[in-house]
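predicted model and sequence below, questions to follow.
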Amino acid sequence: MTDQAPAPYAGPKRILSGIQASGALHLGNYLGALKRFVDIQDEKPFIFVADMHAITVWQDPAVLAAQTREIAAAYIAAGLDPKKATIFPQSAVPAHAELAWIFNCVARLGWLDRMTQFKEKSGKHKERSSVGLYTYPVLQAADILLYKATHVPVGEDQKQHLELTRDIAQKFNNDFNAPGFFPVTEPVIEGPATRVMSLRDGSAKMSKSDPSDASRINLMDDADAIANKIRRAKTDPEPLPETLEGLAGRPEAKNLVDIYAALSGQTKDQVIAEFGGKGFGTFKPALAELAVEKMSPIGARMRELMADPAQIDAVLKDGAERARAIADPVVAETKKLVGFLQL
Ligand code: AMP
Ligand code: TRP
């Protein structure tokens with residue numbers, strides 16, 4: 001997949017992102033995704049719950065519905081204002097599936113064969129994986145291009161899927177002689193914490209699939225659980241260094257400094273200026289206090305929101321209507337370009 005010269009795209013800037021409706025959210029999702037969505041919400045982003053992506057692996061139907069609402073509750077609890085951000089479940093906008101089918105016929109088998117996430121998720125049992133898991137990145141391209149999104153904030157792990165999205169946009173524009181119809185979308189992978197590490201092992205990513213609950217701070221953890229996990233986080237015996245360079249080779253210490261910086265809105269230099277030379281006996285309680293202050297209100301608000309599913313559904317329904325108003329004309333135009341009858 002090579003980067004060709006971007007086709008001229010004359011449309012407006014549009015930001016879009018989504019999180020899959022599977023498993024509980026944690027501090028890595030908060031700092032790598034949710035908080036960044038909140039930071040740019042004045043630009044009116046489209047932020048959806050990827051429930052169609054979730055079913056690429058088996059989901060108990062009752063649990064899927066609850067998880068879809070939980071992600072929506074997390075968006076709102078983290079500070080997204082549904083008047084600014086358009087918040088909706090992917091499955092409520094049928095055009096995602098329509099465009100994904102067309103893109104299935106644009107993307108090449110060879111492109112999908114290179115996707116590392118499929119290799120990781122399918123493991124040794126490729127032939128027993130769903131076909132949906134294989135074409136997962138094609139649906140992701142449809143999610144993005146259906147809104148002609150120009151910018152997509154995500155964590156580092158989504159980079160390859162964004163490259164595929166760019167290739168699909170360029171091939172579609174080229175094959176159907178429609179230069180600049182779809183934008184060549186920019187991935188936005190930046191900020192102090194695009195890769196938050198496990199609290200038990202500074203070389204592993206904080207992840208919902210880690211069997212140890214002590215490895216991550218869940219958005220729904222209460223104040224005691226948050227403080228305990230930080231107090232018990234793995235560290236080395238040395239005090240914090242006086243300079244940032246001194247964190248080299250100390251992944252656990254570096255991770256805690258990164259988390260402190262991201263949560264407090266300070267630079268890492270400022271954190272080191274304050275805590276350099278001090279031991280973890282001083283730094284950990286300060287970090288625990290900060291994490292409790294920033295995280296526990298989000299969990300508390302999520303619990304309140306989830307106690308009233310009708311209110312969440314009302315937000316999602318309104319968001320879906322606004323999303324369809326943008327998506328439907330784009331898919332209609334795409335079908336015309338493909339040559340489907342306009343009846
Ligand atoms: P996932 O939970 O894998 O569906 O990811 C949802 C969003 O959170 C994506 O934008 C990821 O890149 C981001 N994310 C997941 N884990 C981390 C982490 N440990 N650090 C930073 N960002 C993350
Ligand atoms: N694959 C993304 C994840 O696991 C979720 C996702 C689906 C997404 N469609 C998207 C993210 C479109 C950004 C844009 O995190």
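Yes, it's here. Ligands and ions are numbered 1, 2, ... in the order given.

convert the C-alpha atoms of the lowest-mean-pLDDT helix or strand in the chain to PDB, please.
Counting by mean pLDDT, DSSP states H and E, the chain has its least confident helix or strand at helix 116-122, which shows a mean of 92. Taking C-alpha atoms only, helix 116-122 is exported to PDB below (Å, rounded to 0.1, in the frame of the first residue of the first chain):
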ATOM      1  CA  THR A 116      -2.000  -7.500  11.600                       C
ATOM      2  CA  GLN A 117      -5.100  -7.200  13.900                       C
ATOM      3  CA  PHE A 118      -6.900 -10.000  12.000                       C
ATOM      4  CA  LYS A 119      -3.800 -12.200  12.400                       C
ATOM      5  CA  GLU A 120      -3.700 -11.400  16.200                       C
ATOM      6  CA  LYS A 121      -7.500 -11.900  16.800                       C
ATOM      7  CA  SER A 122      -7.900 -15.000  14.600                       C
END
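
following it, which helix or strand shows up next?
Scanning forward in sequence from helix 116-122 by DSSP states H and E, the next helix or strand is helix 131-145.

could you see whether ligand 2 lies near that next one?
Yes: using C-beta under 6 Å from any ligand atom, we find that helix 131-145 touches ligand 2 at 140, 143-144. Backbone N, C-alpha and C define where each C-beta goes, glycine included.

could you pull up the mean pLDDT of that helix?
The predicted model gives helix 131-145 an average pLDDT of 98.

does the helix or strand just after it reach ligand 2?
Per DSSP H and E, helix 131-145 leads on to strand 151-153 as the next helix or strand towards the C-terminus. Yes: residues of strand 151-153 contacting ligand 2 under C-beta under 6 Å from any ligand atom: residue 152.

what's the closest non-adjacent residue to residue 197?
residue 255 (4.2 Å; C-beta to C-beta, 6 or more residues apart in numbering).

tell me the mean pLDDT over the host helix or strand of the one you found?
Applying DSSP H and E as the criterion places residue 255 in helix 251-264. On average, the pLDDT along helix 251-264 is 95.

stretch 335-343 too?
For stretch 335-343, the mean per-residue pLDDT is 96.

stretch 292-299 now?
On average, the pLDDT along stretch 292-299 is 96.

same check, this time on stretch 223-236
Mean pLDDT, computed over stretch 223-236, is 96.

just stretch 40-50 next, same as before
Averaging pLDDT along stretch 40-50 yields 98.

between the two ends of it, how far is it?
Length of stretch 40-50, first residue to last, C-alpha to C-alpha, to the nearest Å: 20 Å.

same question, stretch 77-95
Termini of stretch 77-95 sit 28 Å apart (C-alpha to C-alpha).

any idea how far it is from the chain center?
14 Å (C-alpha atoms, centre = their mean, to the nearest Å).

run through the strands of the protein in chain order.
All strands of the chain, identified by DSSP state E, fall at 16-20, 46-50, 86-89, 151-153, 186-188.

what packs against the fourth one?
The reference is to strand 151-153. Helices and strands touching strand 151-153, by 3 or more C-beta pairs under 8 Å, 6 or more residues apart in numbering; DSSP states H and E, are strand 16-20, strand 186-188.

all set, thanks.
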